[in-house]
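>>> just coords:
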């Protein structure tokens, strides 16, 4: 860690402690001087000591307590502010590094393919192959840019869209069928044991974005020969649970509460490193909030898969 990052917080902290110590010294000195003066007056004029001294003592103690509390609160606030600032700085740096890589990689790939096409005479099948590669890179770039724009719209509460009463079971099944080509080696099953339709007002575009991020993550962070995702519906106490259970790499216990943070990425696992921009699950949680719900994560640990549950208020 760069020591300069902690230089100013430490200086502020030391100054605050010195201010506290100085204040206490001055308050005690002032109290002793005032008490001494009052005792002299009491002795000279033969005044009842309890009348002149007791109330004054409690006032001084109260003032000291309040001022010391304020100073301690200020020290704690400064410390927490600097801690949060450093964490935000670290997360932003991590995001910049990773997202720059996410943008630079497809651009470099596009440049290489274009140079290949311009410098060499290729057969039509080879041209088609390179063109398909370039289309994939363009889609990757478009997805990353779209994710940033969508995030900005959702965070600013300016996202416009209609919320339509939709059967969630049918919507999930249709999404999985329509996008099956994106998960060719993955087994995705949808379970609805009750066989009841669950109609809920959703923004189709946002809801499909939520599904895409959850399914993509389940496949991306998976080292199984055949990634599997089980999607199930369960109604409990007027809360609809839409569960996404996978056989992926799992999540460490101390990471579960952090993974929905903005720009946050999990650490390295085996030969797998952090992937993506760190915005996917943050988007998922924001979309859930937009639908008056929330997403929670569960896992029994590394290598034991994970479960993401979308919880929505629902009354039959």
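Great, that's in hand. Remember, predicted model here, so these are calculated numbers, not experimental data.

>>> Tell me where the model's unsure across the stretch 1-150 of the chain.
1-10, 12-13, 24, 27-28, 31-62, 65, 90-102, 147, 150 (pLDDT under 70).

>>> I meant to write the stretch 201-316 of the chain there.
Ranges of the stretch 201-316 of the chain meeting pLDDT under 70: 263-278.

>>> now the strands for it?
All strands of the stretch 201-316 of the chain, identified by DSSP state E, counting those that start in this stretch, fall at 228-236, 239-246, 294-299, 306-313.

>>> would you turn these into a markdown table with distance to residue 141 and mean neighbour count?
Where C-beta positions appear, they are placed from N, C-alpha and C, glycine not excepted. Output for the strands of the stretch 201-316 of the chain, formatted as a markdown table (distance: least, Cβ to Cβ, whole Å; neighbours: other Cβ atoms under 10 Å):
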| stretch | distance to residue 141 | mean neighbour count |
| --- | --- | --- |
| strand 228-236 | 26 | 17 |
| strand 239-246 | 27 | 20 |
| strand 294-299 | 27 | 17 |
| strand 306-313 | 27 | 19 |
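
>>> could you dump the ones you listed to CSV with distance to residue 126?
Shown next, in CSV, are these (distance: least, Cβ to Cβ, whole Å):
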stretch, distance to residue 126
strand 228-236, 35
strand 239-246, 37
strand 294-299, 44
strand 306-313, 41
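
>>> right, and the ones you listed - which one's nearest residue 80?
strand 294-299 (25.2 Å; Cβ to Cβ).

>>> returning to that earlier point: so which of the strands of the stretch 201-316 of the chain comes closest to residue 72?
Comparing those against residue 72 with Cβ to Cβ, the closest turns out to be strand 294-299 (34.9 Å).

>>> Direction included, what does that closest one pair against?
strand 306-313 (antiparallel) (DSSP bridges).

>>> contacting residues around the strand it pairs with?
Contacting residues not belonging to strand 306-313 are listed as 200, 210, 214, 218, 238-246, 248, 250-251, 284, 288, 291-299 [Cβ atoms under 8 Å, 6 or more residues apart in numbering].

>>> one more time with 7 Å, if that's ok
Applying Cβ atoms under 7 Å, 6 or more residues apart in numbering, the external contacts of strand 306-313 come out as 200, 214, 238-246, 248, 250-251, 288, 291-299.

>>> how does this structure divide up, domain by domain?
Using automatic domain parsing, the domains assigned to the chain come out as 4-90, 100-155, 164-313.

>>> Deepest-packed of these, please.
domain 164-313 (a mean of 17; mean count of other Cβ atoms under 10 Å).

>>> Tell me which of the strands of the stretch 201-316 of the chain sits nearest to residue 14.
Of all the strands of the stretch 201-316 of the chain, the one in closest proximity to residue 14, counting by Cβ to Cβ, is strand 294-299 (40.6 Å).

>>> can you give me the angle the closest one makes with strand 239-246?
Angle between the axes of strand 294-299 and strand 239-246 is 40 degrees (criterion: axes from the mean of the first three to the mean of the last three Cα atoms, to 10 degrees).

>>> Tell me how many other residues surround the closest residue in space to residue 238 that isn't next to it in sequence.
Nearest residue to residue 238, sequence neighbours excluded (Cβ to Cβ, 6 or more residues apart in numbering): residue 315, at 5.4 Å. Residues within reach of residue 315, counting by other Cβ atoms under 10 Å, total 7.
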